[in-house]
Every structure is written in structure tokens, then in C-alpha cells.
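# what follows is a predicted protein model with its sequence.
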Amino acid sequence: MARAQISSLPSSPGQGERREGRDVNEAGVGRGRLTAGFAAFAGLLVAEIHLCRPRDPEAKGLVERANGYLETSFLPGRTFSGDFNTQLTTWLAVADRRVHRALRTRPTERWEADRAGMLTLPPVAPPAWWRMQTRIGRDHYVRVDTNDYSVHPDAIGRIVTVLTDNDEVLALAPGGVIVARHPRCWARHQTITDPDHAEGGKTMRGQLQHHQQAARQATAQDPYGPLVEVEQRELASYDRLFTIIEGGGDREAGRCPAPPPPRPKAPQRAAGPAPRRPPTSPSSPAG
């Protein structure tokens, strides 16, 4: 499956923001087809996408090696409090002066050649967010990566659009109403709750419990509910309906023809002794 590491456009060589890798052909796994969003992104930058062939770990390893270098050389022993890009910029100033084994040169010595071969940026900036749509459940949370972000309970049961970038998670209800706004959390398996969302959910649960309690009290006072007047028919009507008495069934309303007359019975023989069969003589044995 082809994957790509998408980074925002750097303001200087070697500088960029860390963004999670996304499947670029999720809709066409094994068929070499890009998703519509990624194809539009590549077309905006006039970039050609090379898809790795299925079951080709060597080709995929070339792409993932740069990510592995950051995870083994930059991330260990570091803590971040909103200064990820600042620490990355400082580290790149040292890492880019090292001799690259495959290039046999320092990356800083290749910047000018690379910059000369680049196209100018398009006049329209590419979108810097990842977009998805989901329906809000009763717990009024949305999941981005492995983290859960709270949404205002007014959006329960509605389809919202979630926009995610490196810094923020934004949820929009139909009409563009903002129902959630959270800072992006890069930790894993976290639950991020807005105090206003929690208070709104508590208020709605209290209202629901009040309505349920009022309904139970009303049922206890009058278990059968309000009386409803219904039509009362004579019992003979049901007898005629099920043809128990004469004139029943549909014949009373003339909706079906009368039944045919009974068939005549076949003539029967007079009672008497049954005729006797003549006796038969036993056969003689062969002489």
C-alpha cells in the first residue's frame, strides 16, 4: 500500500512541520489509484506521485527511512510543550551538516542545486488540514488518530465536518457552526474534554432524567392513561361475520354470489345378501 509523509511547505530548506503519514490510495488499495483529495493536492503543486508496488518492502523502506531517522535520532529523550518545530529546527542545523552516506555529501551542499530545480509555488496555498465527516453519537466525542475530542452535545445525532491540521482540531455542524475547537494532541489514546461541553452534557442528562421521572409519576397516578371512547358493536355482528349464523360472511353485504346448490346424491343399491361365487374344483396333480 502506498503511503506518503505530508509536510507543510517549509520556509527554509530542511525546515518543516511533522504531520502524520496518510494512505494516499486508500480507496484503491492494490489498484494503483490515488484518493481524490491527494490527487488534487499533487495537481496543485504540479507534483508527480510514484506509488510503490504491492509487496515491495524495499521500495517502501526507502520512503520510511527518513521517518525512522527522526524517530531514532531526534525524538528519543525529548519532551515537547508546543515547541516541537523549534527543537526540530535546532536539531536540523546540526544534522544537515553531516555527510549523507548515500549522497556522499552534506545536505547543506545540495540546497542550491535542489532549489534551482524546483518550480515556483502556486498562487493558491494548498489546504493545510485533513477533512472527514462523521455522525456524533450519544457520548458527543469524535476520534482523530487515536485521541477522542469532545463536541458540544447540541450536535448529537448530526453529521459534522472535522478539520484537522498540525495545531488544531475543528468540528463544524451544518451551516458552518463551530461545535468543537481543540488544540491538536500528539500523544496517543488521550481524551480531550472541553469544560463547556461537559457542563452542557450534564445539563442535558439532568433534563432527560427530569422528563423520565415526570413520565414515571404520571404513569403511577394513572396506569391506564386517559380513557378513549370506542365503538361497541352487537355480538351478533361477529356471528354473522364468521358465518356462524344464517346470513353471515360477505353474503350479508352482497359482495359475493350465493353458494351453488348441493349436488344430487348418487343412487344406492338395495340392501340384501351379497352374491356367492361358485366353488372352484381343486386341480389334479400331474400324472
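Received, thanks.
# burial of Asn67, as a residue count?
Using other C-beta atoms under 10 Å, Asn67 is surrounded by 13 other residues. For the C-beta atoms, the positions are set from N, CA and C on the backbone; glycine is no exception.
# then Leu235?
Leu235, neighbours per other C-beta under 10 Å, totals 6.
# can you check Val151 too?
Residues near Val151, counting by other C-beta under 10 Å: 27.
# so what's it up against?
Going by C-beta atoms under 8 Å, 6 or more residues apart in numbering, Val151 touches 136, 140-142, 160, 171, 179-180, 197.
# one more time with 10 Å, if that's ok
134, 136-137, 139-142, 158, 160, 162, 171, 173, 179-180, 182, 194, 197, 200-201 (C-beta atoms under 10 Å, 6 or more residues apart in numbering).
# what sits closest to it if chain neighbours are left out?
Spatial nearest neighbour of Val151, chain neighbours left out: Ala180 (4.4 Å); criterion: C-beta to C-beta, 6 or more residues apart in numbering.
# any chance you could map the strands in the stretch 51-200 of the chain?
Applying DSSP state E, counting those that start in this stretch to the stretch 51-200 of the chain gives strands spanning 130-135, 141-144, 147-150, 159-164, 168-173, 177-183, 191-192.
# least confident of these, on average?
When the strands of the stretch 51-200 of the chain are compared on mean pLDDT, strand 130-135 scores lowest, with a mean of 90.
# would you mark the buried spots in that strand?
For strand 130-135, the neighbour count (16 or more other C-beta atoms under 10 Å) marks Trp130 as buried.
# now stretch 115-135
For stretch 115-135, by 16+ other C-beta under 10 Å, it's Trp130.
# same question for stretch 184-200.
185, 192, 197, 200.
# flag the shaky bits of the stretch 151-287 of the chain, pLDDT-wise.
Within the stretch 151-287 of the chain, the stretches with pLDDT under 70 are 223, 225-226, 243-261, 264-287.
# in contact with Thr164, which residues?
By C-beta under 10 Å, 6+ apart, the contact set of Thr164 is 19-20, 128-132, 142, 144-145, 149, 170-171, 182, 184.
# so for Phe84, which of the strands of the stretch 51-200 of the chain sits nearest?
Smallest distance to Phe84 across those (C-beta to C-beta): 12.5 Å, for strand 177-183.
# so which elements touch that closest one?
strand 141-144, strand 147-150, strand 159-164, strand 168-173, strand 191-192, helix 195-221 (3 or more C-beta pairs under 10 Å, 6 or more residues apart in numbering; DSSP states H and E).
# if we use 8 Å, what do you get?
Packed against strand 177-183, as judged by 3 or more C-beta pairs under 8 Å, 6 or more residues apart in numbering; DSSP states H and E, are the following elements: strand 147-150, strand 168-173.
# within the sheet, what are the partner strands of that strand, with directions?
Applying DSSP bridges to the sheet, strand 177-183 is found paired with strand 168-173 (antiparallel).
# buried ones in the partner strand, by neighbour count?
Buried, per 16+ other C-beta under 10 Å, within strand 168-173: 169-173.
# one more: stretch 45-65?
For stretch 45-65, the neighbour count (16+ other C-beta under 10 Å) marks 51-52, 60 as buried.
# next one: stretch 83-102
Buried-residue list, stretch 83-102, by 16+ other C-beta under 10 Å: 88-89, 92, 95-96.
# circling back: want to throw the helices and strands packed on strand 177-183 into JSON lines with distance to Ala113?
Shown next, in JSON lines, are the helices and strands packed on strand 177-183 (distance: least, C-beta to C-beta, whole Å):
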{"stretch": "strand 147-150", "distance to Ala113": "41"}
{"stretch": "strand 168-173", "distance to Ala113": "36"}
